[in-house]
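Engineer: Provided below for reference: sequence and predicted model.
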Amino acid sequence: MTPNRLRKLKEWFIEKAILLSGVFSVVFVLLIFLFLLREGFSLFRGESVGDFLFGKSWYPISDPPRFGILPLIMGSLLVTLGAAAISVPIGIAAALFIAEIAPRRLKEGLKAGIELLAAIPSVVIGFIGMITLGPWIKNLFHIPTGLTALTGSVTLAFMAMPTIVSIAEDAITAVPRQYREAAVAMGATKWQTTWRIVARAARPGMVAAVMLGIGRVIGETMAVMMVTGNAAMIPSSILQPVRTLTATIAAEMGESVQGGAHYAALFAIGIVLFIITFLINGVADIYLHRSRR
Amino acid sequence: MSARLAQKIAFTILLLATLLVVLPVIFILGIIVAKGASAISWEFLFSMPRDGMTAGGIFPAVLGTLYLVLGAVLFAVPLGVLAAVYLVEYSSDNWFSRLVKLAIVNLAGVPSVVYGLFGLGIFVTFFRFGASILSGSLTLGIMILPVIITSAREALESVPRHFRTVSLSLGASRWQTIRHSVLPHALPGILTGMILGLGRAAGETAPILFTVAAFYLPRLPQSVFDQTMALPYHLYVISTQVPGIAENVRYGTALVLLTLVLLLNLAAIVLRSRFRRKKKW
């Protein structure tokens, strides 16, 4: 074979490998869904989807076992709403400050700081939340345990903020210069320009930022498991222990029997989580594209 | 004048909010260093745990984490970089490339515990790798794939168009152009993504819970089919599952993990900013 033919053959293989690597991302998403279904679907032979999603009791090891995940959904919802209530206003405000007001050097420093906050492993944040925030909340509200939904919300708020800040900041920075110049030329102050013009123009990107932040909170596992007290009951107040969807999987997989109903139920929870985050990320992506246009 | 006052108040509020985001980093670092530094010693880092983890060191957990992240990167970097090359250099804006991009966005959004389930279903059970370093590395590798692809894509896209046109006009083939005129200039960006991926894989707990992590295994793994302890899971275990562990040992373990992850991220931040400044075009 001439060197030239050999080279062409080599390039043919490389280009096929490149194409295949592109395909792999799609394959992995499909595989994740497929394997969740494969392990989790057997639950629905003995259990209706309605009983699973809206059943009020999660007693996986009693006899007969009950696999209603409503308490877990409520737990996740409560913690997530609490975290969003804290992190959205603070995160958007911080993004406006970093993008519009901070001088350049301070801006670089702040962005690095936020990147580091995002990098702290969730088990470390859970550990700190458990031994500092927990006792503090217990004493503040005079409740028997400091490991509550509120503790989870505050802890997760800090995990959502880096996502919210960095994506919202990108959206704000992407607002065209002329918008600001026009506003200032009309006599608006810097704040009026920032709030009434820039923030409004960046709104689709901010929506995406909030959604991705919420997506991170719903999927967060270790920190939430360490600080929310893990009681699988429908909570009546934010000062009660709760158990989230993610924490249930992490905490119970070790004690379930492979192939059993409990095992399948935990995978079925995985399916629910996968679908929720798939929807959130899909919609956030649409908003991101709108903001870039 | 009231518009000025409003501006002053508003800016102060924004500044306070920013401090609320950044100060926890300093608080967390401060408390962990203050309470954990006393536990750090040569023996703590490089010896086996003893007496049900109440004494001795954390060496198997440190080594296990190193094995896991190396395995994850070995798997994810070639695959991720080639996928990025596909998206930037080969695909046109058609339905398929949009599908690939959507898939990457969704891979990035899948909760870490769902990766754990996936790894358990496919690697541990279906391929019969068992709970092993191999299963854990592959699971972590798929999890960090979006990080690698996104960084590599950015790096490739930042290489100017004319680098390619010049090379092609000299008679180089498409792959030769990519190999010699594009990839070398994208290398620092690709490296940044790799380091970020390392940091992410080192700190994650949920994906390794069911695929590799051992509760207490005071010996070193002998092959990729062995289970191993890992730092983040070890921190979880000693802070929630085992009573009677000295406080400074818990903080010390957190300190080791945090140092490892933050150093990697700091390296990535520095590398990226130098790369951006050094660009000649």
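Structural biologist: Structure received. As the structure is a computational prediction, the values presented were derived from the model and not from experiment.
Engineer: what ranges do the helices span in the stretch 151-281 of chain B?
Structural biologist: B:161-169, B:174-177, B:183-203, B:206-209, B:231-236, B:247-278 (DSSP state H, counting those that start in this stretch).
Engineer: ignore the last one, the stretch 1-150 of chain A
Structural biologist: Using DSSP H, counting those that start in this stretch, helices in the stretch 1-150 of chain A cover A:3-40, A:43-46, A:49-54, A:70-96, A:104-119, A:122-128, A:134-141, A:149-173.
Engineer: mean pLDDT for those helices: which is lowest?
Structural biologist: For the helices of the stretch 1-150 of chain A, the weakest mean pLDDT is recorded on helix A:43-46, namely a mean of 86.
Engineer: from the chain's centroid, how far away is that helix?
Structural biologist: Relative to its chain's centre, helix A:43-46 lies at 29 Å (C-alpha atoms, centre = their mean, to the nearest Å).
Engineer: residue of the stretch 1-150 of chain A closest to chain B, please.
Structural biologist: Closest approach between the stretch 1-150 of chain A and chain B, counting by C-beta to the nearest C-beta: residue A:121, at 2.9 Å. Where C-beta positions appear, they are placed from N, C-alpha and C, glycine not excepted.
Engineer: what is the burial count for that residue?
Structural biologist: By the criterion of other C-beta atoms under 10 Å in any protein chain shown, residue A:121 has 26 neighbours.
Engineer: need the residue closest to the centroid of the chain.
Structural biologist: Looking at chain A here, since you left the chain open. Centrality entry for chain A: nearest residue to the mean C-alpha point is residue A:216, 1.1 Å, by C-alpha atoms, centre = their mean.
Engineer: actually chain B
Structural biologist: So for chain B, C-alpha atoms, centre = their mean, it's residue B:200, sitting 2.0 Å from the centre.
Engineer: who's in contact with stretch B:251-267?
Structural biologist: Contacts to stretch B:251-267, defined as C-beta atoms under 8 Å, 6 or more residues apart in numbering or on different chains, come from residues A:115-116, A:119-121, A:123-124, A:127-128, B:28-29, B:31-33, B:35-40, B:44-45, B:58, B:61-62, B:65, B:195-196, B:198-199, B:202-203, B:231-232, B:234-235, B:238.
Engineer: can you show me the helices along the stretch 1-150 of chain B?
Structural biologist: B:2-36, B:42-46, B:59-85, B:95-109, B:112-119, B:133-157.
Engineer: which of these is buried the deepest?
Structural biologist: helix B:112-119 (a mean of 28; mean count of other C-beta atoms under 10 Å in any protein chain shown).
Engineer: anything in that helix sitting right up against chain A?
Structural biologist: Yes - shown here: helix B:112-119 in contact with chain A (C-beta under 8 Å from any C-beta of the partner chain) through B:112, B:113, B:114, B:115, B:116, B:117, B:118.
Engineer: now the first one: closest residue in space, sequence neighbours ignored.
Structural biologist: The reference is to residue B:112. residue B:206 (4.0 Å; C-beta to C-beta, 6 or more residues apart in numbering or on different chains).
Engineer: return the distance of residue A:114 relative to residue A:97.
Structural biologist: 11 Å (C-beta to C-beta, to the nearest Å).
Engineer: I'd guessed residue B:158 sits against residue B:189; true?
Structural biologist: Yes - contact status for residue B:158 versus residue B:189: in contact at 6.8 Å, counting by C-beta atoms under 8 Å.
Engineer: of the two, who's got more company?
Structural biologist: residue B:189 (23 against 15).
Engineer: contact partners for the more buried one?
Structural biologist: B:151, B:152, B:154, B:155, B:156, B:158, B:272, B:275.
Engineer: recalculate using a threshold of 7 Å.
Structural biologist: B:151, B:152, B:154, B:155, B:158, B:275 (C-beta atoms under 7 Å, 6 or more residues apart in numbering or on different chains).
Engineer: can you redo those residues as JSON lines with distance to residue B:125 and pLDDT?
Structural biologist: Output for the contacts of residue B:189, formatted as JSON lines (distance: C-beta to C-beta, whole Å; pLDDT from 0 to 100):
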{"residue": "B:151", "distance to residue B:125": "32", "pLDDT": "93"}
{"residue": "B:152", "distance to residue B:125": "32", "pLDDT": "95"}
{"residue": "B:154", "distance to residue B:125": "36", "pLDDT": "91"}
{"residue": "B:155", "distance to residue B:125": "37", "pLDDT": "92"}
{"residue": "B:158", "distance to residue B:125": "42", "pLDDT": "90"}
{"residue": "B:275", "distance to residue B:125": "42", "pLDDT": "80"}
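Engineer: nearest to residue A:167 among those?
Structural biologist: residue B:154 (15.1 Å; C-beta to C-beta).
Engineer: re the thing from before, which of the helices of the stretch 151-281 of chain B sits closest to residue A:9?
Structural biologist: The nearest among the helices of the stretch 151-281 of chain B, by C-beta to C-beta, is helix B:174-177 at 11.7 Å.
Engineer: quick one: is the closest one near chain A?
Structural biologist: Yes - applying C-beta under 7 Å from any C-beta of the partner chain, one finds helix B:174-177 in contact with chain A at residue B:175.
Engineer: state the mean pLDDT of that helix.
Structural biologist: Mean pLDDT, helix B:174-177: 91.
Engineer: what's the answer for stretch B:22-36, then?
Structural biologist: pLDDT averaged over stretch B:22-36 gives 91.
Engineer: so which of the helices of the stretch 151-281 of chain B is the most surrounded?
Structural biologist: Note that of those, helix B:206-209 is the most buried (mean count of other C-beta under 10 Å), with a mean of 30.
Engineer: if we can go back for a sec, indicate which one of the helices of the stretch 1-150 of chain A is closest to residue B:169.
Structural biologist: Between the helices of the stretch 1-150 of chain A, helix A:3-40 lies closest to residue B:169; by C-beta to C-beta that is 18.3 Å.
Engineer: from the contact counts, what lies against that closest one?
Structural biologist: Counting contacts by 3 or more C-beta pairs under 7 Å, 6 or more residues apart in numbering or on different chains; DSSP states H and E, helix A:3-40 packs against helix A:261-292, helix B:59-85, helix B:95-109, helix B:112-119, helix B:174-177.
Engineer: just to revisit the earlier point, between the helices of the stretch 1-150 of chain B, which one is closest to residue A:61.
Structural biologist: Once these are compared by C-beta to C-beta, helix B:112-119 is nearest, at 19.1 Å.
Engineer: that closest one vs helix B:133-157, what angle?
Structural biologist: 120 degrees (axes from the mean of the first three to the mean of the last three C-alpha atoms, to 10 degrees).
Engineer: follow-up on the earlier one: can you pick out the most distant pair from the contacts of residue B:189?
Structural biologist: Longest span within the contacts of residue B:189, C-beta to C-beta: B:152 and B:275, 13.1 Å.
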